[in-house]
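[1] Can you look at this prediction? I've put the sequence above it.
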Amino acid sequence: MANDPNPDPGWYYNTRTNEVEHLERSRSVDLLGPYPDEATARRALEIARERTRAADAADAAWNDD
């Protein structure tokens, strides 16, 4: 984890460790976020699935036109 003198105040979900991180973070390639709070960061995978479903539906609707 990086020791940043001006850390990002957001919350992140680490896809490698399945842990929520705040202030001191792992490599960005392993992170989803930022999220406004810990509870939302804990839902990161669920949020990503919801966004993917919505994007897929929008793509399907666009392709139907």
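    Nice, thanks for sending it over.
[2] what bits of the protein have low per-residue confidence?
    1-4, 65 (pLDDT under 70).
[3] Can you pull up the most central residue in it?
    Leu32 (2.5 Å; CA atoms, centre = their mean).
[4] element containing that one?
    strand 31-35 (DSSP states H and E).
[5] next SSE after that strand?
    Per DSSP H and E, the helix or strand that comes after strand 31-35 is helix 38-42.
[6] returning to what we had before: who are the packing partners of the strand holding Leu32?
    Here strand 31-35 touches strand 11-14, helix 38-42, helix 44-64, going by 3 or more CB pairs under 8 Å, 6 or more residues apart in numbering; DSSP states H and E. Backbone N, C-alpha and C define where each C-beta goes, glycine included.
[7] ok so, going back, partners of the residue nearest to the centre of the chain in the sheet?
    Tyr13 (DSSP bridges).
[8] check contacts around it.
    Tyr12, Tyr13, Thr15, Ala41, Ala44, Leu45, Ala48 (CB atoms under 8 Å, 6 or more residues apart in numbering).
[9] can you tell me how far it sits from Glu38?
    To Glu38, Leu32 is 13 Å away according to CB to CB, to the nearest Å.
[10] on that earlier part again, Arg27: which of the helices and strands packed on strand 31-35 is closest?
    Taking CB to CB, strand 11-14 is the member of these nearest to Arg27, at 9.0 Å.
[11] Can you point out the buried residues in the closest one?
    Across strand 11-14, burial judged by 16 or more other CB atoms under 10 Å covers Trp11, Tyr12, Tyr13, Asn14.
[12] next one: stretch 13-23
    Quick answer for stretch 13-23 (16+ other CB under 10 Å): Tyr13, Asn14, Val20, Glu21, His22.
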